[in-house]
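J.: Sharing a model prediction with you, sequence too.
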Amino acid sequence: VQLQASGGGLVQAGGSLRLSCAASGRTFSRYGMGWFRRAPGKEREFVAAISWNGGTTYYGDSVKGRFTISRDNAKNTVYLEMNSLKPEDTAVYYCAAGSGTRWDSYDYWGQGTLVTVSS
């Protein structure tokens, strides 16, 4: 599975962005998908995950209630809707194919897309 993340950019605090992650290959629907992020000088952080059929979602504590993960298997795409953005959400966001909340349980990674939230 090859993954291509997009949708990052510069946004003011309180604003919204939607990230997309397009997958190649016919096996996309077999994989759970996740989003992670890495802020400058910090470790990689789990953001959200979704099961193969979209029936189960998980969120990191710092984004609960503000971010929503979803997927469209017909389009081989997973999304991350980010609302009420804060400066501390500034990071490179990565999509990945796998399951759970640990980064080492994901087998395939996209290249990352930068989100910058200004105060």
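T.: Good, I have the coordinates. Numbers count the residues shown, from 1 in each chain.
J.: for the most centrally placed residue in the chain, which residues make a bridge with it?
T.: The centroid of the chain falls nearest to Trp35 when counting by CA atoms, centre = their mean (2.8 Å). Residues in a beta bridge with Trp35, per DSSP bridges, are Ala48, Cys95.
J.: likewise Val117?
T.: Residues in beta-bridge contact with Val117 (DSSP bridges): Val11.
J.: Could you measure from it over to Ala39?
T.: 11 Å (CB to CB, to the nearest Å). From N, CA and C alone the C-beta is placed, and that goes for glycine too.
J.: The two: which has the busier surroundings?
T.: Neighbour totals were compared for Val117 and Ala39, and Val117 leads with 20 against 14 (other CB atoms under 10 Å).
J.: Identify the residues contacting that one.
T.: Val11, Gln12, Ala13, Gly15, Leu85, Lys86, Pro87, Glu88, Asp89, Thr90 (CB atoms under 8 Å, 6 or more residues apart in numbering).
J.: for Val78, same thing?
T.: Contacts of Val78 (CB under 8 Å, 6+ apart): Ser20, Cys21, Ala23, Met33, Trp35, Ile50, Ile69, Ser70, Arg71, Asp72, Cys95.
J.: any idea how far the fifth one lies from Gln4?
T.: Here the criterion is CB to CB. By it, Trp35 lies 14 Å from Gln4.
J.: what sits in contact with each of these two?
T.: Common neighbours of Trp35 and Gln4 (CB under 8 Å, 6+ apart) are Cys21.
J.: Just the C-alphas of stretch 84-104, formatted as CSV.
T.: Coordinates of each C-alpha in stretch 84-104 appear next as CSV, following Å, rounded to 0.1, in the frame of the first residue of the first chain:
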residue,chain,number,x,y,z
SER,A,84,-10.9,24.2,16.8
LEU,A,85,-7.2,24.1,15.9
LYS,A,86,-4.7,25.2,18.5
PRO,A,87,-1.1,26.3,18.0
GLU,A,88,0.0,23.1,19.8
ASP,A,89,-1.5,21.1,16.9
THR,A,90,1.3,22.4,14.7
ALA,A,91,3.1,19.3,13.4
VAL,A,92,3.8,17.2,10.4
TYR,A,93,0.9,14.8,10.1
TYR,A,94,1.4,11.3,8.8
CYS,A,95,-1.2,8.7,7.7
ALA,A,96,-0.4,5.1,8.1
ALA,A,97,-1.9,1.7,7.4
GLY,A,98,-2.2,-0.7,10.4
SER,A,99,-4.1,-0.7,13.6
GLY,A,100,-4.1,0.5,17.2
THR,A,101,-2.4,3.5,18.8
ARG,A,102,1.2,2.5,18.7
TRP,A,103,3.2,3.7,15.7
ASP,A,104,5.1,0.4,15.5
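J.: Kind regards, and thank you for your time.
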